[in-house]
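K.L.:
what's the 3D shape of this:
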Amino acid sequence: MGTFAEIATEPRQAKMKYWYLFIATVLVIWASLVLGLGLLSGVTRQWPISVVMILGSFIAGSTPMGGGSVSFPFLVLWLHIPPDTARTFGLCIQSLGMVSAMVFILCRRVRIQGRMLLWTIAGAAAGMAFGTAAITPRIAPNFVKLLFACMWMSFGLLTIIRSREFCSLTGIRNIDKGMARRTGLLVGILGGIIASIIGVGVEMILYTVLVLLYRSDLKIAVPTAVSAMAVTAVMGVATHLALGDIPRDVGMKVLAAGPVVIFGAPIGAYVLSVIPRVRTLYLISVLCVVQFVWTLYSLQRTRAEWAFVAVAMILAGQAFYWMYRAGRRPRESSAFERTRQEAQSVSNSIRVTKAPTPD
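P.N.:
Got it, this is the predicted structure:
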């Protein structure tokens, strides 16, 4: 297939052959499994998840929400599937759809924040391993649902409040190597732990940090976040394969939705590059609010659950606000410095042009 460096130097149209090769490989493997093992009837009975993942894969490619952000509430709240099974399905299906989107993004030479992406992936590997081994087995299913709902609701509220400002951002602030390493590792570890619990998370955290802290253009932040979750999903699938805890039903659902997501996510990535940013943000916000209300409605809403929701929303709000303020300071400081320099320049020019008074 060629090295990454070789791929990066080829023209965009020539590089698309790597995405075509990926698609062809997936479809050949899919046909070998479904037809060769006689699984066609079982796969076709899973058609509802294929329909759901039409939307899920599109969202996965066009927003910082992984495809698991659609499949998780559908499986848990609608089909009443255990959260750990829904998480595993989310990781598996994203390892197809979001990897397809990542290959598509790289082949089209879409701009991403490479330093942050690489360090986030490194941190996510550690976070995924630690979360799977030490945290996931100790969390009650209801609190897994609430963690998912609160995380996306707080993000949706932030998006609604600051959508116009986010849409006005262009480019991205320079991130030095040391800062990229520290921030990327922290984002990756935290995102990897959350992804080990609910199947998504690293993409939202990385997107939020890029936009709030480094004032990134959405069309840079989203492809970077999509790529981070794609690799994290592959690591998650590898972890659960090693543990041998992927149910047969999850495998059948992945076979049913696989051919859908490998096209849906890249289509979403392409649409992101051509539609106005604000429409993407409004879509994200609506989905966040709907799934939050749906989750609360489906649970018993005990005192402990309400307390968890309150604490989670407050902590998320405080974290988002701190990053927002921290991200504005350099811009405010640079604006003040430019104003000061302009005033100094005007003052100097007045002194230079002022005629000397004769004695």
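
K.L.:
and the next helix or strand past the strand or helix carrying Met128?
P.N.:
According to DSSP states H and E, Met128 maps onto helix 114-130. Elements were assigned by DSSP H and E; along the chain past helix 114-130, the next helix or strand is helix 141-167.

K.L.:
give me the packing partners of the helix holding Met128, helices and strands only.
P.N.:
helix 177-198, helix 202-208, helix 218-243 (3 or more C-beta pairs under 8 Å, 6 or more residues apart in numbering; DSSP states H and E). Placement of C-beta: from N, CA and C, glycine included.

K.L.:
who wins for proximity to Ile121 among the ones you listed?
P.N.:
Nearest of those to Ile121, taken as C-beta to C-beta: helix 218-243 at 4.9 Å.

K.L.:
who are the packing partners of the one helix or strand Ile29 maps to?
P.N.:
Assigned by DSSP H and E, Ile29 belongs to helix 12-36. If contacts are counted by 3+ C-beta pairs under 8 Å, 6+ apart, helix 12-36 sits against helix 83-107, helix 248-272.

K.L.:
now the helix or strand following that helix: buried residues?
P.N.:
As assigned by DSSP H and E, the chain's next helix or strand after helix 12-36 is helix 40-44. Buried residues in helix 40-44, defined by neighbour count with 16 or more other C-beta atoms under 10 Å: 42-43.

K.L.:
swap in stretch 241-249?
P.N.:
For stretch 241-249, burial by neighbour count (16+ other C-beta under 10 Å) applies to Ile246.

K.L.:
again, but for stretch 51-60
P.N.:
Across stretch 51-60, burial judged by 16+ other C-beta under 10 Å covers 52-60.

K.L.:
now, the residues you listed that are in helices?
P.N.:
Of these, the ones assigned to helices by DSSP state H are 52-60.

K.L.:
can I get these in TSV with distance to Glu203 and pLDDT?
P.N.:
Shown next, in TSV, are those (distance: C-beta to C-beta, whole Å; pLDDT from 0 to 100):
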residue	distance to Glu203	pLDDT
Val52	19	89
Met53	17	91
Ile54	19	89
Leu55	17	84
Gly56	13	84
Ser57	14	86
Phe58	15	85
Ile59	11	81
Ala60	9	79
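
K.L.:
from the centroid of this structure, which residue is nearest?
P.N.:
Residue closest to the average C-alpha location in the chain (C-alpha atoms, centre = their mean): Glu203, at 2.4 Å.

K.L.:
list the residues that contact that residue.
P.N.:
Contacts for Glu203 (C-beta atoms under 8 Å, 6 or more residues apart in numbering) come out as 64-66, 191, 225-226, 228-229, 232.

K.L.:
ok so, going back, let me see the mean pLDDT of the helix holding Ile29.
P.N.:
The pLDDT scores in helix 12-36 average 90.

K.L.:
low pLDDT regions in this protein?
P.N.:
Residue ranges of the chain with pLDDT under 70: 1-14, 277, 280, 330-359.

K.L.:
deepest-packed of the helices and strands packed on helix 114-130, please.
P.N.:
Of the helices and strands packed on helix 114-130, the one with the most neighbours on average (mean count of other C-beta atoms under 10 Å) is helix 202-208, at a mean of 28.

K.L.:
pull the distance from that one to the chain's centre.
P.N.:
Its chain's C-alpha centre and that of helix 202-208 lie 5 Å apart, by C-alpha atoms, centre = their mean, to the nearest Å.

K.L.:
over to stretch 230-238?
P.N.:
Centre to centre, stretch against its chain (C-alpha atoms, centre = their mean), the figure for stretch 230-238 is 13 Å.

K.L.:
outside of it, which residues touch it?
P.N.:
Counting by C-beta under 8 Å, 6+ apart, 66, 90-92, 94-95, 98-99, 101-102, 121, 124-125, 128, 132, 191-192, 195-196, 199, 202-203, 246 sit against stretch 230-238.

K.L.:
for stretch 30-47, same thing?
P.N.:
So stretch 30-47 is contacted by 252-253, 255-259 (C-beta under 8 Å, 6+ apart).

K.L.:
compare those residues and tell me which is most surrounded.
P.N.:
With neighbours taken as other C-beta atoms under 10 Å, the top of the contacts of stretch 30-47 is Ala257, carrying 30 neighbours.

K.L.:
I'd like the distance between the nearest residue to it once chain neighbours are set aside and Arg111.
P.N.:
In this structure, Ala257 finds its nearest non-sequential neighbour in Met53, 4.1 Å apart by C-beta to C-beta, 6 or more residues apart in numbering. Using C-beta to C-beta, to the nearest Å, we find Met53 at a distance of 27 Å from Arg111.

K.L.:
now do Gly191
P.N.:
Counting by C-beta to C-beta, the gap from Gly191 to Arg111 is 21 Å.

K.L.:
kindly report the same for Ile121.
P.N.:
For Ile121, the distance to Arg111 - C-beta to C-beta - is 18 Å.

K.L.:
these two: which has the busier surroundings?
P.N.:
The neighbour count for Ile121 versus Arg111, taken as other C-beta under 10 Å, is higher for Ile121 (24 against 13).
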